[in-house]
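>>> fold the following for me, if possible:
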Amino acid sequence: MSKYCLSLPSSLLLLIVAFSGRFLLVVDSTTHPGDIEVLRDLKNGLSSRSVSSGSCLSSWDFSLDPCDHIFGKHFTCGFRCDLVVSGSYRVTEITLDPAGYSGSLSSTTWSLPFLRTLDVSDNSFSGSIPDSLTNLTRLRRLTLSRNSLSGRIPDSLSSLSELEELYLDNNQFRGPIPSSFNRVVSLKRLEIQRNNLNGAIPDLGSLRMLFFFDASDNELSGEVPITLPTSLVEISVRNNNLEGKLPNNVGNLRFLQVMDLSQNRLSDAVASALFDHPSLQQLTLSHNNFTSLEVPGNKGVSSRLVALDLSYNVLGGLLPAFMGSMPKLTAVSLEHNKFTGMIPSQYALKAAVPGAGTSSFKRLLLAGNYLVGPIPDALMGLKPGSVNVSLVDNCFNRCPDVFFFCQGGDQKSLVDCKTFAPAIP
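Residues are numbered from 1 along each chain as shown. Okay, here's the model as predicted:
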């Protein structure tokens, strides 16, 4: 099959099909020269030692037309081209293989007006994010994950008005999260975890399409903002320095399914709205300073929670009986708090003989509290391996190792138990 370059307006791709149907003539449409220059800059800006034989970048040969030297295939290793209205091929996607490429993104002048995806993740790029990335005005997905990039996240990224996904995780960025992100109203996913970011979480309330936000493993401080986007489905700000109470309007995040705020300094009460929530399935608030739980008005019977982790707080009083009535709850950890009293019968029954229409406990972790009294008969009848239950490091008079849920640790000493609560026998 032959290709011919005809003298026609560049905006047209001419297809001439012979009457017999035996011949197809297709007009050549070459890569835009400006795009070739950017690709060449990108390759030349890398350390030659990091471009190994067999990698995508080693195959880039600019003596050929990068987009169109293989007839009928507008894909070349590492990037994609599409025919645009100007009649020439433009680079619309760059996805580098994770081959350990090193160098600076600033060595490239990013003038690719039709680029929609830039993914250079899982390499060894260093330096800061270049301002010229703002030339990528049609960019929808920017992935710089798992490199060695540093410096501040530039405000200029907010000019990428069509950006839907931004991945800056697992780098060495420092400074605050830019408040200008609030202007990228098309943003659906924002991942900035595992950096050195500090300061408060800015107002992101204008991001009405944002469904995933992960800022875990940073040095963020301040309170959980009351302006979180109501569109959120999953939020994780694990392992930071957040303080204060959970905002009262967390129930307004009506699409929320996963919330992880563990390993912070949050305090006061765990809001009842989280137990009444219409969509929340996984709640992790472990390793904080919460002191109490607000009992939901409907006693948890309409909760959709499947997994709940409140371990390593300072929660006290009796174990919240309503958790035994939550129909979908299968995993609960209340370990290492200050709960006392007996194990509610609802817990034991949910682990051993759940009622119709409810899920049984597959994990019930109550170790490290000050629980007392007899162990419920329903738990005593459990077979090893049927349910993950732990009752060690409490104040039970009898919890012999013959029961699997008493194995792996001793009970507290009588002195410790009476010091905590003199009424404990």
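
>>> tell me how many other residues surround the nearest residue to residue 218 once chain neighbours are set aside.
Closest residue to residue 218 apart from its sequence neighbours, by Cβ to Cβ, 6 or more residues apart in numbering: residue 197 at 4.2 Å. Every residue, glycine included, has its C-beta placed from N, CA and C. Neighbourhood size, residue 197 [other Cβ atoms under 10 Å]: 23.

>>> in a strand, that's where residue 197 is, yeah?
Yes: counting by DSSP: H, G, I helix; E, B strand; the rest coil, residue 197 is found in a strand.

>>> so residue 95 is in contact with residue 119, correct?
Yes: counting by Cβ atoms under 8 Å, residue 95 does reach residue 119; the two are 4.3 Å apart.

>>> low pLDDT regions in the stretch 251-400 of the chain?
354-356 (pLDDT under 70).

>>> what ranges do the helices span in it?
Assigned by DSSP state H, counting those that start in this stretch, the stretch 251-400 of the chain shows helices spanning 345-352, 377-380.

>>> tell me the most buried of the ones you listed?
helix 345-352 (a mean of 21; mean count of other Cβ atoms under 10 Å).

>>> in CSV: the helices of the stretch 251-400 of the chain, plus distance to residue 130.
Compiled in CSV, these are given as follows (distance: least, Cβ to Cβ, whole Å):
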stretch, distance to residue 130
helix 345-352, 56
helix 377-380, 61
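
>>> give the rounded mean pLDDT of the longest helix along the chain.
The single longest helix within the chain, with elements called by DSSP state H, is helix 33-44. Across helix 33-44, pLDDT averages out at 92.

>>> gap between it and the chain center?
Centroid separation for helix 33-44 versus its chain: 33 Å, with Cα atoms, centre = their mean, to the nearest Å.

>>> report all helices and strands that that helix contacts.
strand 89-95 (3 or more Cβ pairs under 8 Å, 6 or more residues apart in numbering; DSSP states H and E).

>>> what angle do the strand it packs on and helix 33-44 make?
30 degrees (axes from the mean of the first three to the mean of the last three Cα atoms, to 10 degrees).

>>> in the helix or strand just after strand 89-95, what counts as buried?
Using DSSP states H and E, the helix or strand that follows strand 89-95 towards the C-terminus is strand 102-104. Within strand 102-104, the residues that count as buried by 16 or more other Cβ atoms under 10 Å are 102-103.

>>> list of residues touching strand 102-104?
45-47, 49-50, 123-127 (Cβ atoms under 8 Å, 6 or more residues apart in numbering).

>>> where does the prediction get shaky in the stretch 51-200 of the chain?
Ranges of the stretch 51-200 of the chain meeting pLDDT under 70: 69-75, 86.

>>> just the terminal-to-terminal distance for stretch 299-314.
22 Å (Cα to Cα, to the nearest Å).

>>> before we move on, what about stretch 279-292?
23 Å.

>>> and the closest residue to residue 388 other than its chain neighbours, how many residues sit next to it?
The shortest distance from residue 388 to any non-neighbouring residue, by Cβ to Cβ, 6+ apart, is to residue 363 (4.5 Å). The number of residues packed near residue 363 is 17, by other Cβ under 10 Å.

>>> bridging residues for residue 363?
residue 331, residue 388 (DSSP bridges).

>>> in the stretch 301-425 of the chain, which spans are strands?
For the stretch 301-425 of the chain, the strands defined by DSSP state E, counting those that start in this stretch occupy 307-309, 316-318, 331-333, 338-341, 363-365, 370-371, 388-390.

>>> of all the ones you listed, which one is nearest residue 412?
strand 370-371 (7.2 Å; Cβ to Cβ).

>>> ok, and what's touching the closest one?
Taking Cβ under 8 Å, 6+ apart as the rule, strand 370-371 contacts 319, 338-343, 391, 394-396, 412, 417, 420-421, 424.

>>> can you select the buried ones among these for me in ChimeraX?
Filtering those down to the buried ones (16+ other Cβ under 10 Å) takes a single ChimeraX command:
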select :319,339,340,343,391,394,395,396,412,417,420,424
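
>>> so who does the closest residue to residue 359 other than its chain neighbours touch?
Distances taken as Cβ to Cβ, 6+ apart put residue 330 closest to residue 359, at 4.8 Å, once the chain neighbours are dropped. Taking Cβ under 8 Å, 6+ apart as the criterion, residue 330 is in contact with 306-307, 359-363.

>>> kindly recompute the last result at 7 Å.
306, 359-362 (Cβ atoms under 7 Å, 6 or more residues apart in numbering).

>>> among the residues you listed, which two are most distant?
Among the contacts of residue 330, 306 and 360 lie farthest apart (Cβ to Cβ), at 12.1 Å.

>>> re the thing from before, top of the contacts of residue 330 by number of neighbours, please.
Result: residue 361 is most packed of those (other Cβ under 10 Å), 22 neighbours.

>>> list phi and psi for it.
For residue 361, the backbone dihedrals (degrees, to the nearest 10) come out as phi -70, psi 130.

>>> got the contact list for the nearest residue to residue 39 once chain neighbours are set aside?
Once flanking residues are discounted, residue 39 sits nearest to residue 66: 6.1 Å by Cβ to Cβ, 6+ apart. Contact analysis of residue 66 by Cβ under 7 Å, 6+ apart lists 31, 36, 39, 76.

>>> so the first one touches residue 89, yeah?
Yes: using Cβ atoms under 7 Å, residue 31 is in contact with residue 89, at 4.9 Å.

>>> intersection of neighbour lists for these two?
67-68, 81.

>>> among those residues, which are in helices?
Per DSSP H, these never map to helices.

>>> neighbour-wise, which one of these leads?
So for the shared contacts of residue 31 and residue 89 (other Cβ under 10 Å), the most neighbours sit at residue 67, 27 neighbours.

>>> ok, that residue - contacts?
By Cβ under 7 Å, 6+ apart, residue 67 lies in contact with 31, 74, 76, 81, 89.

>>> my guess is the fourth one contacts residue 89. True?
Which is residue 81. Yes: if you go by Cβ under 7 Å, residue 81 and residue 89 touch, sitting 4.2 Å apart.

>>> please name the nearest non-neighbouring residue to residue 225.
Closest to residue 225 by Cβ to Cβ, 6+ apart is residue 201, at 5.2 Å.

>>> residues near the one you found, how many?
Neighbours of residue 201 using other Cβ under 10 Å come to 23.

>>> right, I'll call it a day here.
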